[in-house]
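Colleague: Sequence and computational prediction follow.
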Amino acid sequence: VVFSLFQNPSHDGAMTEIPVTDRTRIHRLPERQRTDARELHAILDTAYVAQVAFVRDGLPVVIPFSFARDGDSILIHGSSGGGIFLASPGGVDVAVGVTHLDGLVFARSLFDSSMNYRSAVIVGAARPVPNEEKEEALRVISEHLMPGRWDEVRPMTKRELAATTVLRVPLAEASVKVRDHSASEAADDGEDHRVWAGVVPLALVAGAAERSPMTAVDVALPPSVARFS
Ligand SMILES: Cc1cc2nc3c(=O)[nH]c(=O)nc-3n(C[C@H](O)[C@H](O)[C@H](O)COP(=O)(O)OP(=O)(O)OC[C@H]3O[C@@H](n4cnc5c(N)ncnc54)[C@H](O)[C@@H]3O)c2cc1C
């Protein structure tokens, strides 16, 4: 199953065009910059992992997180004792990167070799979601990562909720860059055509689900897992 099936239909954002700011303007190959918010949403809604960068003690750090889009913002969550969550009681400036690697481009020279990709960068302040909104925010993240699972398992306990922090980052300042050349565009660079050139597509694919041996034998595959098979 290719994860283009993976969608988040219930959280459409109001934003339709992404404004380009001094911080989000792409300089190299600017024709690859996209400003349609639907493209940004599609990149986020088909991804599981965001690389979140922030400055700690004067030094940049990048930490990967699972995440979900919620309308015109994204949500990340984790143990309240985790680094970025400790650093952010009043909010923390972040840059967030989300990338889909769609292919390796074999040009006739290494200089022209490249990748096909869709990537997004979001800059802004990550702010804690208020306690009264936290459970709903966690439901949004859960529904994005494992649709249907929220209703298949027990509710979160108060203790689990208290131990979890959720941060919200607005999508107000974001950039999207896409390289989606076909094999013929990818590598016809006027070099020696006896050298093979083209594209090897890459995609994230689900394997067969592996059942925990502790699961009672008469338990059927739940819909949240079956959708991957
Ligand atoms: C999978 C992948 C592999 C790449 N490999 C290379 C590589 O090996 N070498 C290389 O030079 N470049 C690579 N790039 C492109 C790289 O991400 C930058 O786009 C490139 O360095 C040019 O940046 P810039 O000078 O235009 O922008 P910068 O001045 O570096 O950044 C300005 C702003 O542009 C935006 N921006 C820049 N790049 C992206 C992006 N990819 N997606 C979304 N927003 C962006 C950000 O908002 C950023 O704040 C790769 C991109 C991807 C997705």
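Modeller: Nice, I can see it.

Colleague: So Leu44 is in contact with Arg69, correct?
Modeller: Yes - at 4.3 Å, Leu44 and Arg69 qualify as touching, with contact defined as C-beta atoms under 8 Å. Where you see a C-beta, it was placed from the backbone N, CA and C, and this is true even at glycine.

Colleague: remind me which residues of this structure are low pLDDT?
Modeller: Within the chain, the segments meeting pLDDT under 70 span 1-11, 88-89, 186-189.

Colleague: Quick check: residues of it near the ligand?
Modeller: Contacts of the chain with the ligand, taken as C-beta under 6 Å from any ligand atom, map to 23-28, 99, 101, 115, 117, 119-121, 175-177.

Colleague: Helices along this protein, start to end?
Modeller: Using DSSP state H, the helices of the chain run over 37-45, 83-86, 131-145, 158-162, 183-187, 223-226.

Colleague: For the buried ones among the residues of the chain next to the ligand, write the corresponding PyMOL selection.
Modeller: To isolate the buried ones among the residues of the chain next to the ligand in PyMOL, judged by 16 or more other C-beta atoms under 10 Å, type:
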select buried, resi 24+99+117+119+120+121+175+176+177
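
Colleague: ok, so what distance separates the most centrally placed residue in the chain from the ligand?
Modeller: Central residue of the chain (C-alpha atoms, centre = their mean): Ala47, 3.8 Å from the mean position. For Ala47, the distance to the ligand (C-beta to the nearest ligand atom, to the nearest Å) stands at 12 Å.

Colleague: again, but for Pro130
Modeller: With the distance defined as C-beta to the nearest ligand atom, Pro130 ends up 28 Å from the ligand.

Colleague: Compute the number of surrounding residues for that residue.
Modeller: 10 (other C-beta atoms under 10 Å).

Colleague: just Ser73 next, same as before
Modeller: Neighbour count for Ser73, taken as other C-beta under 10 Å: 21.
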